[in-house]
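Enquirer: please find the sequence and the predicted model below.
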Amino acid sequence: MRAARTTIALRWLPAVAAVAYVATVVTLGHQLVENNHWDSDVSGPLTLAERLRGSGPVYIPHSGEWTTFWWLLATRALPWHEQLWTGSGYGLTLLGALLLGWATWRVAGTWAGVSAASVALVVGPFVLRSFLSTTGAHVTNPFGAVLLAVVLVMLTRTTSWVPAVVGGLIAGTNAASDGLLWFAGVAPFALAAGLLVWTTRRRDIALRAGATLGVTVVTSLATNLIMRALNFHVEGLTVALAPLHDLPGNVAHLGRMIALLGGANYALAGPYPQDPLREAVALLTFAAIATPVFAAVRMWRAEPTLRAYAFYWAAAVGLLCFVFVVTPNAAALGPKSVNYLLTLAPAAGVGIGLVAARAHRAQIVVALAVATVAATNIAGILDGRAEVTGVVALPRQAQQIRHLLEREGVRRGYAGFWDAGNLTWQTGMRLLVAPVRNCEAQLCPNNFFTIRSWYVPKGGPTFLLIDPTLPLIQAPPFVSSAAETHRFGPLTVYVFDYDIARHIRLTAS
């Protein structure tokens, strides 16, 4: 009897591990989020949303993130919107896990649903930074993929058109916001829905699935047209194939990013956790990512909804990994390209849940593996592995810089990208810092999370921050006209008694 109770308890260990992981994140939430805002990829969109009252073109890097900005702009008038923004990122992650658990439960039972949700949550510390962010790159993809999986399950559970249309609306706006969702969710949904129609021979399923895809395409096109008409532009987005000689390196990079997703760092300085635990976590992560494909093969003769659901997640894994390898974008981004693979976390959860759903011994093995990964990642979070490490000098000197500039009556200024948005946000918008880059003897806007009016001369004193620890910009010749020069550790702040926007070259939009 005692052995039976122990077996039952072990089977549900993934839920316990996920609760412990989430409790750790919630307990350290304020500290983690505040630290995360030193990453300009995170704070830049928040700063832009707060300041989006100017004129001229708005520039956003790599992907539109329209749904993110709609959320920020819709809520920025609330007196407590900053707290709402900082909590909504992980809130979306938790909601996605709940939806994933529900969909998996409906097709494979309670244990599979609980385990799928649990696995999706216990990601590595570096990836947690993205899930904590309301605005991090590609963070809407996992939620969009989960939502389409829910719609797929509901095609055979209800005859209502509401899930099909609502799912298409949300998927369409998110696909316009980040084109990666076409591979992470929309294309897998089309393939899985086609399989479901073929196996059920139900015309109503075909019509509702077609409606979801049709609404997705129309909504995506309309969203992009509207945002372009509103003068929003996406910078740095290139669609190209990697040369053949780069493919082996891209495959190796994919392997490092999959390991990083699970919490085994082979990509960043200061590898963690220590071997052989790092090797074990990496192997467990690779095995988890492979399970959706194995589940799709194993479920090929299962009932239609289960088969389509397994096929959906297998297709998502295959297409995401394929795009990651055959395009140059991921390798160019380095460790942050792990954000391309965020949808692999829920996919792994589903694969594990489906493969072990009917085998108690397999469930115990899964439970021990999930608990091992979760415990390792909790330890990594407590050890500071989820904190920003690239920006070193600015967090130490930011308050001194702010106090100096406030005494001087200087509020507006310019800095490199990695010092601009985060300094603005971390000073509570008391300093308004626009990102710039060198243009020969002048400066040019660095059009990542900016609006053109920031660079139009307005008069009054301004400053320029030069940070040699993040050498994106160097001091241009006109700093010789600075009224004052101040040093804060390695940082140099040039204070001017005029608006140095006159030295910023604006190219035609």
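Expert: Thanks, I have the structure now. Residues are numbered from 1 along each chain as shown.
Enquirer: buried residues in the helix or strand harbouring residue 485, which are they?
Expert: Secondary structure from DSSP states H and E places residue 485 in strand 484-488. Using 16 or more other Cβ atoms under 10 Å as the burial criterion, the residues of strand 484-488 that qualify are 486, 488. (Glycine included, C-beta is placed from N, CA and C.)
Enquirer: start at 707, not 1
Expert: Yes, from this point I'll number from 707; that puts the last item at strand 1190-1194.
Enquirer: what's the mean pLDDT across that strand?
Expert: Average pLDDT, strand 1190-1194: 96.
Enquirer: so what does that strand touch, helix or strand wise?
Expert: If you count contacts as 3 or more Cβ pairs under 8 Å, 6 or more residues apart in numbering; DSSP states H and E, strand 1190-1194 packs onto helix 1099-1114, strand 1197-1202.
Enquirer: switch the cut-off to 10 Å
Expert: Secondary-structure packing of strand 1190-1194 (3 or more Cβ pairs under 10 Å, 6 or more residues apart in numbering; DSSP states H and E): helix 1099-1114, strand 1168-1172, strand 1197-1202.
Enquirer: next helix or strand past the first one?
Expert: The first helix or strand that comes after helix 1099-1114 along the chain, using DSSP H and E, is strand 1118-1121.
Enquirer: export that next one as PDB, just CAs?
Expert: The C-alpha trace of strand 1118-1121 is given here as PDB (Å, rounded to 0.1, in the frame of the first residue of the first chain):
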ATOM      1  CA  ARG A1118      16.800  65.100 -22.800                       C
ATOM      2  CA  GLY A1119      19.800  63.300 -24.200                       C
ATOM      3  CA  TYR A1120      21.200  60.600 -26.400                       C
ATOM      4  CA  ALA A1121      23.200  57.400 -25.900                       C
END
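Enquirer: in its sheet, what does it sit against?
Expert: strand 1138-1145 (parallel), strand 1168-1172 (parallel) (DSSP bridges).
Enquirer: pick the most buried one from the ones you listed.
Expert: Most buried of these by mean neighbour count (mean count of other Cβ atoms under 10 Å) is strand 1168-1172; its value is a mean of 24.
Enquirer: how about the helices in the stretch 857-1006 of the chain?
Expert: 868-883, 887, 893-906, 909-935, 953-968, 983-1004 (DSSP state H, counting those that start in this stretch).
Enquirer: which residues touch residue 1157?
Expert: Residues near residue 1157 by Cβ atoms under 10 Å, 6 or more residues apart in numbering: 754, 757-765, 937-938, 1140, 1151.
Enquirer: mind listing what's buried in the helix or strand where residue 720 lies?
Expert: Taking DSSP H and E as the criterion, residue 720 maps to helix 719-733. Residues of helix 719-733 classed as buried by neighbour count (16+ other Cβ under 10 Å): 719-724, 727-728, 730-731.
Enquirer: any chance of JSON lines for those, columns pLDDT?
Expert: Output for those, formatted as JSON lines (pLDDT from 0 to 100):
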{"residue": "719", "pLDDT": "94"}
{"residue": "720", "pLDDT": "95"}
{"residue": "721", "pLDDT": "96"}
{"residue": "722", "pLDDT": "96"}
{"residue": "723", "pLDDT": "97"}
{"residue": "724", "pLDDT": "97"}
{"residue": "727", "pLDDT": "98"}
{"residue": "728", "pLDDT": "97"}
{"residue": "730", "pLDDT": "97"}
{"residue": "731", "pLDDT": "96"}
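Enquirer: using CSV, lay out the strands paired with strand 1118-1121 together with mean pLDDT and distance to residue 803.
Expert: CSV is the format used below for the strands paired with strand 1118-1121 (pLDDT from 0 to 100; distance: least, Cβ to Cβ, whole Å):
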stretch, mean pLDDT, distance to residue 803
strand 1138-1145, 94, 34
strand 1168-1172, 97, 40
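Enquirer: if we can go back for a sec, quick check on the contacts of residue 1157: which are buried?
Expert: 754, 757, 764-765, 938, 1140, 1151.
Enquirer: farthest pair in those?
Expert: The most widely separated members of these, counting by Cβ to Cβ, are 938 and 1140 (17.4 Å).
Enquirer: coming back round to it: in TSV, list the helices of the stretch 857-1006 of the chain along with mean pLDDT and mean neighbour count.
Expert: Shown next, in TSV, are the helices of the stretch 857-1006 of the chain (pLDDT from 0 to 100; neighbours: other Cβ atoms under 10 Å):
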stretch	mean pLDDT	mean neighbour count
helix 868-883	96	22
helix 887	95	28
helix 893-906	97	20
helix 909-935	97	17
helix 953-968	96	19
helix 983-1004	97	20
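Enquirer: could you tell me the average pLDDT over the one helix or strand residue 778 maps to, please?
Expert: Taking DSSP H and E as the criterion, residue 778 maps to helix 772-781. Across helix 772-781, the average pLDDT comes to 92.
Enquirer: buried residues of it, list them for me.
Expert: Across helix 772-781, burial judged by 16+ other Cβ under 10 Å covers 772-775, 777-778.
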